[in-house]
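>>> have a look at this fold, sequence not included:
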């Protein structure tokens, strides 16, 4: 015995599909499962194609930048935990930097013990000055006087507290005999869109 289905109330169809004019054009406010899956598949494909063609193909500035080689100190003259100030890569704003022998192996360190490193003195959060904040017992620079960010000099200047979200720019060093040269930067100096242009 077949069960007869009751005809659907036309008012209900109109409520679902909209006014009769909309129903005539084929535009409906509801879709079945097949239409939903097909639409979501096309949408996903479109988004993935857009993402692949978007940011990944855009030019991104290099994180490591090399600049003119500059003599900044002598290995034999460095004393452990006594920073030596210099400017790099130019003499412009925010170029003040420090060279220090940590007495402990550090990321990017040079010398026999890989413990000589150099960093920019400007906090990456809001440009606070970090001169005079080196703490020899922890091998850190900071806290920044503005928002208390502190950077670990043994681990490429990564921030360990405070509100900065970028590491301190590290000056890349090269040892030639007893001479220490600055040859580049690892990270962008605060206040500049390019390490050479403020």
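Perfect, thanks for sending it. These numbers were taken from a predicted model, which means no experiment stands behind them.
>>> now the strands: where do they sit in this structure?
Applying DSSP state E to the chain gives strands spanning 64-74, 84-87, 96-101, 116-120, 134-135, 140-141, 150-152, 158-161, 170-176, 179-186.
>>> those: which one's closest to residue 196?
strand 64-74 (6.9 Å; C-beta to C-beta). No exception for glycine: its C-beta is placed from N, CA and C like everyone else's.
>>> can you name every helix or strand that the closest one contacts?
strand 84-87, strand 170-176, strand 179-186 (3 or more C-beta pairs under 8 Å, 6 or more residues apart in numbering; DSSP states H and E).
>>> contacts for the first one next, please.
Looking back up the chat, that one is strand 84-87. Where contact means C-beta atoms under 8 Å, 6 or more residues apart in numbering, the residues beyond strand 84-87 that reach it are 70, 72-73, 78, 95-100, 118, 121, 131, 182.
>>> ok, and for it, which residues are buried?
By 16 or more other C-beta atoms under 10 Å, the buried positions in strand 84-87 come out as 84, 86, 87.
>>> just the mean pLDDT for it, thanks.
For strand 84-87, the mean pLDDT works out to 97.
>>> below-threshold pLDDT in the protein: ranges please.
1-5, 7-63, 197-198 (pLDDT under 70).
>>> which stretches in it count as helices?
10-17, 20-25, 33-53 (DSSP state H).
>>> for the nearest residue to residue 150 once chain neighbours are set aside, the count of nearby residues, please.
Leaving aside its sequence neighbours, residue 150 sits nearest to residue 142 (C-beta to C-beta, 6 or more residues apart in numbering; 3.3 Å). Using other C-beta atoms under 10 Å, the number of residues around residue 142 comes to 25.
>>> ok, residue 142 touching residue 132?
No: judged on C-beta atoms under 8 Å, residue 142 makes no contact with residue 132 at a distance of 10.7 Å.
>>> quick check: residue 105 touching residue 112?
No: Residue 105 is beyond contact range of residue 112, at 10.5 Å (criterion: C-beta under 8 Å).
>>> so those two - more neighbours on which side?
Using other C-beta under 10 Å, the more surrounded residue of residue 105 and residue 112 is residue 105, with 11 against 8.
>>> chain neighbours aside, what residue packs nearest to that one?
residue 114 (4.8 Å).
>>> roughly how far apart are the one you found and residue 141?
Counting by C-beta to C-beta, to the nearest Å, the gap from residue 114 to residue 141 is 18 Å.
>>> just residue 177 next, same as before
28 Å.
>>> okay, the two: which has more neighbours?
Set residue 177 next to residue 141 and count neighbours by other C-beta under 10 Å: residue 141 wins out with 26 against 8.
>>> before we move on, back to that, ok, the residue nearest to residue 105 to residue 163 distance?
On the measure of C-beta to C-beta, residue 114 and residue 163 end up 30 Å apart.
>>> and for residue 119?
Taken as C-beta to C-beta, the span from residue 119 to residue 163 is 18 Å.
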